[in-house]
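Student: kindly generate the corresponding structure for this input.
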Amino acid sequence: MNAPILDLAACMRLVGNWQRWGWTVVFTNGHFDLLHVGHVRYLQAARALGDRLVVGLNSDASTRRRKGPTRPILPQQERAELLAALRPVHAVLLWDQDDFREAVAALRPHIYAKGGDWGRPQGPYPPEAEVVIGYGGQVVFLDFQPGRSTSLIEQTILQRHGCEGESHE
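Tutor: Residues are numbered from 1 along each chain as shown. Predicted structure coming up:
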């Protein structure tokens, strides 16, 4: 059975129920464009942190703003359906804003998980982390899957077909 694809109000109701039942809720987010094994391993690791995993998915408009005019490769509904079909995922939140601070503040997950490419000393730090820390939640950075990214897949496809291209991830 696939996880539901929700707006914020419906996701708040579902997460509220889980929290009342005493379940640990984990939240993560991303674009998940061209779903690959790095994404699956990341979602499995995030799910292992708690009882329920909510995945925030950047909409097409948000992805274009953040990744450039050639992205996403797959439309938001397809990306949402792919995520919803994965065993570790209990709910998908489709989101049009460029970050998930508002969603995290509304849902108040116990744990906010991000990939190891975030939170490094000289690397980017997720804006959502401050919100989570502010209400007493936990931020966890999961191991990065080297050599696994949509950009690398895109580059490989272009190279194998003798095309030049610019990646935006």
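Student: select the longest helix from the chain.
Tutor: helix 8-20 (DSSP state H).
Student: please name the bridge partners of Thr54.
Tutor: Just so we're on the same page, residue 54 is Val rather than Thr. Phe27, Ala91 (DSSP bridges).
Student: looks like it contacts Leu8 (just checking).
Tutor: No. Here Val54 does not reach Leu8: they are 10.9 Å apart, not a contact under Cβ atoms under 8 Å. Heads up, the C-betas are built off the backbone N, CA and C, glycines and all.
Student: show residues contacting the longest helix of the chain.
Tutor: Helix 8-20 has contacts (Cβ atoms under 8 Å, 6 or more residues apart in numbering) with 4, 6, 25, 51-52, 54, 91, 93, 95, 102-103, 106-110.
Student: quick check: Met12 vs Asp99, distance?
Tutor: Applying Cβ to Cβ, to the nearest Å, the value for Met12 to Asp99 is 18 Å.
Student: where do the helices sit along the chain?
Tutor: So, for the chain - with DSSP H - the helices run 8-20, 37-47, 60-67, 76-84, 101-107, 127-134, 150-160.
Student: who does the second one touch, helix- and strand-wise?
Tutor: When contacts are defined as 3 or more Cβ pairs under 8 Å, 6 or more residues apart in numbering; DSSP states H and E, helix 37-47 packs onto strand 25-30, strand 52-58, strand 111-115, strand 138-142.
Student: list the buried residues for the first one?
Tutor: So the one you mean is strand 25-30. Of the residues in strand 25-30, 25-30 count as buried by neighbour count, 16 or more other Cβ atoms under 10 Å.
Student: so it versus strand 138-142, what angle?
Tutor: 50 degrees (axes from the mean of the first three to the mean of the last three Cα atoms, to 10 degrees).
Student: neighbouring contacts of strand 25-30?
Tutor: Counting by Cβ under 8 Å, 6+ apart, 15, 18-19, 39, 42-43, 46-47, 49-58, 93, 95, 100, 103-104, 107, 109-115, 128 sit against strand 25-30.
Student: what mean pLDDT does that strand have?
Tutor: Averaging pLDDT along strand 25-30 yields 97.
Student: and the longest helix of the chain, what's buried?
Tutor: 11-12, 14-15, 18-19.
Student: tell me the contacts of the nearest residue to Tyr112 once chain neighbours are set aside?
Tutor: If you skip the residues right next to it in sequence, Tyr112 has Val132 as its closest partner in space, 4.3 Å away by Cβ to Cβ, 6 or more residues apart in numbering. Residues near Val132 by Cβ under 8 Å, 6+ apart: 104, 109, 112, 138-139.
Student: show me where pLDDT drops low in the protein?
Tutor: 117-123, 144-151, 153-158, 164-169 (pLDDT under 70).
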